[in-house]
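**Student:** Below: sequence and its predicted model.
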Amino acid sequence: MPPPLSATIIPLYDRHADAWHRHRSPHASLEEAWLTRFSAGLPDGACVLDLGCGTGQPMGRWLAQQGFAITGVDSSAAMLAHARALQPAQEWVQGDMRTLALGRSFAGVLAWDSFFHLNHADQRAMFPVFAAHAAPGAMLMFTSGPSHGEAIGEFEGEPLFHASLAPEAYRCLLDAHGFEVLDFVPEDPACGCHSVWLARCLG
C-alpha cells in the first residue's frame, strides 16, 4: 500500500528544491502586508521562528531585511541548503516541526505555506509546539485553508497534499493554548487567496 499523500511532502521538496528555488520569488510583494502586520508586534531585532522555512525566501529574507534574527526550521535538507547559501548569517535547523523542541522561545512564530501540508491530526498537535516556542506577547502567523477538508495541488507534475481544519477548530485550539486571535482572513484576495491567521500569545 502506498504511503498517504501527507507523508510524501518532505521527499517531494527534497527532489524539487532547485525548481522551487527557481520558481519562488525572492521578493515578498504578495505577502508584505501580512508580514508588516506580523512584524509590527515584534520588538526591534527580535528573534523569529520560521517553521517550514524552505529556502528562506521570501518570508525569512524580508524579515531579516527588517533587522530580525531568523531561526528557520525545515525537514528538507535540499531546501535548507539554499537557505544557508542565500542567508548564511541566519540560523537554519533541519528538523520536523511536529516534534520540534528547541528549548527556547521567540517573539514571533511563523508557519507560512507549511503548516497546511500536515494532516488534520498533526495540525491539532502543532498548537502545543507553537505555545512552547512563543514568548509572552509573541506574534503567531500561519496559513490554512478556508474550511475543513483536504486538497491536492501539484508541483513539478507530482501531487502536493494540503489540509485544513474548520476556522472554529483553529479558534478553539488557539484559545486553549493561550493565543488571542487578532485576525483571520479566508482566501484573502490581496494575498493570492491565502487564508491567513494572525494571533498573539497571552502567556
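**Tutor:** In hand now; what should we look at?
**Student:** The one helix or strand Phe161 maps to pairs with which strands?
**Tutor:** In this assignment (DSSP states H and E), Phe161 forms part of strand 158-164. As defined by DSSP bridges, the strand partners of strand 158-164 come to strand 149-155 (antiparallel).
**Student:** Using CSV, write out the CA atom coordinates for the strand it pairs with.
**Tutor:** Extracted as CSV, the C-alpha positions of strand 149-155 are listed here (Å, rounded to 0.1, in the frame of the first residue of the first chain):
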residue,chain,number,x,y,z
GLY,A,149,-11.1,19.4,4.3
GLU,A,150,-8.2,18.2,2.1
ALA,A,151,-7.0,19.5,-1.2
ILE,A,152,-4.4,18.1,-3.6
GLY,A,153,-2.3,20.6,-5.5
GLU,A,154,0.6,19.9,-7.9
PHE,A,155,4.2,20.8,-8.1
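**Student:** any idea how far that strand is from the chain center?
**Tutor:** The chain centroid and the centroid of strand 149-155 are separated by 17 Å under Cα atoms, centre = their mean, to the nearest Å.
**Student:** ok, residues contacting it?
**Tutor:** By Cβ atoms under 8 Å, 6 or more residues apart in numbering, the residues outside strand 149-155 that reach it are 5, 12, 16, 19-20, 145, 159-164. For the C-beta atoms, the positions are set from N, CA and C on the backbone; glycine is no exception.
**Student:** of all the residues you listed, which comes closest to Arg98?
**Tutor:** The closest of the contacts of strand 149-155 to Arg98 turns out to be Ala163 (Cβ to Cβ; 13.4 Å).
**Student:** if I read this right, that closest one contacts Asn119, doesn't it?
**Tutor:** Yes: look at Ala163 against Asn119 with Cβ atoms under 8 Å: they come within range, at 5.5 Å.
**Student:** Settle it for me: which of those two has more neighbours?
**Tutor:** Legend: neighbour count by other Cβ atoms under 10 Å for Ala163 and Asn119, higher for Ala163 (22 against 16).
**Student:** how far away is that one from His148?
**Tutor:** In this view, Ala163 and His148 are 9 Å apart by Cβ to Cβ, to the nearest Å.
**Student:** Which stretches in this protein count as helices?
**Tutor:** Taking DSSP state H as the test, the helices found in the chain are 9-15, 17-23, 32-40, 59-65, 77-86, 120-132, 167-176.
**Student:** Show me what the fifth one is packed up against.
**Tutor:** Taking 3 or more Cβ pairs under 8 Å, 6 or more residues apart in numbering; DSSP states H and E as contact, the helices and strands that helix 77-86 lies on are helix 9-15, helix 17-23, strand 69-74, strand 91-94.
**Student:** what residues are up against the residue lying closest to Gln90 once chain neighbours are set aside?
**Tutor:** Leaving aside its sequence neighbours, Gln90 sits nearest to Ile70 (Cβ to Cβ, 6 or more residues apart in numbering; 4.2 Å). Residues near Ile70 by Cβ under 8 Å, 6+ apart: 47-48, 50, 53, 56, 60, 63-64, 87, 90-91.
**Student:** Nothing else from me, thank you.
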